[in-house]
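> Attaching a predicted model along with its sequence, questions to come.
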Amino acid sequence: MSLTALLDEYSITDGIWDEMYDTRDIRHHYSKVFASLKQLELSALQEKDKLAGELFMNQGITFTVYSDNTGIERIFPFDIIPRIITGSEWDVVERGIAQRLKALNLFLKDIYSDQQIIKDKVVPASLIASCPHYNRHVFGIRVPHDIYVHISGIDLIRGEDGLFYVLEDNLRTPSGVSYMLENREVTKRIFPDLLVTNHVRRVSNYPLLLHEILLQMASTQISNPTVVLLTPGIYNSAYYEHAFLARQMGISLVEGRDLVVDNHKVYMKTTNGLKQVHVIYRRIDDDYIDPLTFRPDSALGVSGLMSAYRKGNVSIVNALGNGVADDKAVYAYVPAMIKYYLNEEPVLSNVPTYELGDQEAREHVFRNIGKMVIKRTNQSGGYGMIMGNSVPEEEWGKARAEIEKDPRSFIAQPIIKLSTSPCFIDGMFQPRHVDLRPYALYGPRGVQIVPGGLTRVALRKGSLVVNSSQGGGSKDTWVVDF
């Protein structure tokens, strides 16, 4: 079968925005790519698909799927057909994310100092007091340049109206950027000419931009600060990424046992003795980072690290305590934060969100459960989600009882049909639901966002769950200029 025939069989669903097709016409920014692909035989495309899998396997690009009993570590699934976004669409995304991060950063500074937003009753005090990730140990600590969120992954979805919406904010230790970079490298191998002929903006400078910001975060004025990446170790689901980024930036990859605190300063153990560390890019959750302050049973962190942090002798990226800003219940107030701190209307809208701690909202959600997805406010990776249109009655009964027992820990949102994008699966072009996680870096010179990000794909037909930890995959994301 020819690729033209395969495209003719590509079926889109009414009421769902398809990234490639506008009704039955290929969108302009996809037309050049598919004109090139049509010149290939099906067997050639299958060979490229096979080559991509081999490249990922040889590189050891893996991710952990904890819910899969058949095997934990897997090769990261990759679809060879790029997701394409126009430069004008990307400009809106870029402005919206920069605006959002500025407001969230001001919120974090405020909430750990004057708490004026609570005094002005824009955000309820009870919401913050009940947030398990509000970290009282960092109250009053000043961070370099007043920047708390240096690295973020803001999850976006495209609704049926074609507009991008913010689904959630990831402000603690967002993962996946290495897969964005590796996706591009694999695309260069299998479609070397398409990137140039389509004027695709580059993403390869991300490690350089990140390294520059890490150096700028050193709290002491020295010419050559020491930066390390602190990992939980090889059993962490994103360890591949930790090693990849450390290698790309030319910094040391360390575990907690490689660091020691002496006289409120952090040192790295080396063969030449102790070497002072000025900046820690941490990929460890707050609770595990210092057993003297947080969980005493943690073997991942560094004893005494908080004392060095309070004294300003070491910078930690991202800042501790950021979890209060990406709590899914707090997410509902981000548009109000933008108006409060910046006096601006949000460029990117939130998905409508119901806090189940509110009885009226809870009753509305229960009455309309078939149209809702319920999420735990402090879960990530797609865990703990209840899809109301498919949950068995017995399971829903148990979940409802759990929600009524602790409603603050849950929010609900309408089930939005994520946009679909063409994927090459089983020798055919098939639509699959996708989201987008752009990666933003925030330093003294402002917010910088590499153009593209990680497009995650729900590989199962009809599924809306794109998370890699739930068996989803990804594809290269192109921002193209005409």
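Received, thanks.
> Do you know the pLDDT at the nearest residue to residue 295 once chain neighbours are set aside?
Excluding the flanking residues, the one nearest residue 295 by CB to CB, 6 or more residues apart in numbering is residue 287, at 5.1 Å. Placement of C-beta: from N, CA and C, glycine included. Note on residue 287: pLDDT of 95.
> In this structure residue 287 contacts residue 298, no?
Yes: between residue 287 and residue 298 there is a contact under CB atoms under 8 Å: 7.2 Å.
> Give me the more crowded residue out of the two.
residue 298 (20 against 17; other CB atoms under 10 Å).
> Poorly predicted segments of this structure, please.
By pLDDT under 70, the low-scoring segments of the chain are 1-2, 62-74, 379-384, 468-471.
> domain assignment for it?
Following automatic domain parsing, the chain resolves into domains at 3-88+419-480, 354-414.
> just those domains: most buried one?
domain 3-88+419-480 (a mean of 18; mean count of other CB atoms under 10 Å).
> ok, back up a step: which one of the domains of the chain lies nearest to residue 263?
domain 3-88+419-480 (28.1 Å; CB to CB).
> For the stretch 101-250 of the chain, which segments count as strands?
Shown for the stretch 101-250 of the chain, the strands assigned by DSSP state E, counting those that start in this stretch span residues 151-158, 164-170, 227-230.
> and residue 103, which of those strands is closest to it?
Closest approach to residue 103 among those (CB to CB): strand 164-170, 10.5 Å.
> what distance separates the closest one from the middle of the whole chain?
The chain centroid and the centroid of strand 164-170 are separated by 9 Å, computed with CA atoms, centre = their mean, to the nearest Å.
> And it, what does it pack against?
The contact analysis (3 or more CB pairs under 8 Å, 6 or more residues apart in numbering; DSSP states H and E) places strand 164-170 against helix 87-111, strand 151-158, strand 349-350, strand 428-437.
> so can I have CSV of the ones you listed showing distance to residue 180?
Conversion of the helices and strands packed on strand 164-170 to CSV gives the following (distance: least, CB to CB, whole Å):
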stretch, distance to residue 180
helix 87-111, 14
strand 151-158, 10
strand 349-350, 24
strand 428-437, 8
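> Residue 58 is nearest to which of these?
strand 428-437 (25.1 Å).
> If you count contacts, what does that closest one end up packed against?
Using 3+ CB pairs under 8 Å, 6+ apart: strand 428-437 touches helix 3-8, strand 78-86, strand 151-158, strand 164-170, strand 420-425, strand 454-457.
> what lines up beside the longest one in the sheet?
This means strand 78-86. Strand pairing for strand 78-86, using DSSP bridges, gives strand 473-480 (parallel).
> quick one, the partner strand and strand 428-437 angle?
80 degrees (axes from the mean of the first three to the mean of the last three CA atoms, to 10 degrees).
> what does strand 473-480 contact?
Contacts with strand 473-480, where a contact means CB atoms under 8 Å, 6 or more residues apart in numbering, come from 29, 76-87, 90, 176, 179-180, 183-184, 186-187, 195, 198-201, 421, 423, 434, 436, 451-457, 459, 468.
> Repeat the analysis, applying 7 Å as the threshold.
29, 76-79, 81-87, 90, 179, 183-184, 187, 198-201, 436, 451-457, 459 (CB atoms under 7 Å, 6 or more residues apart in numbering).
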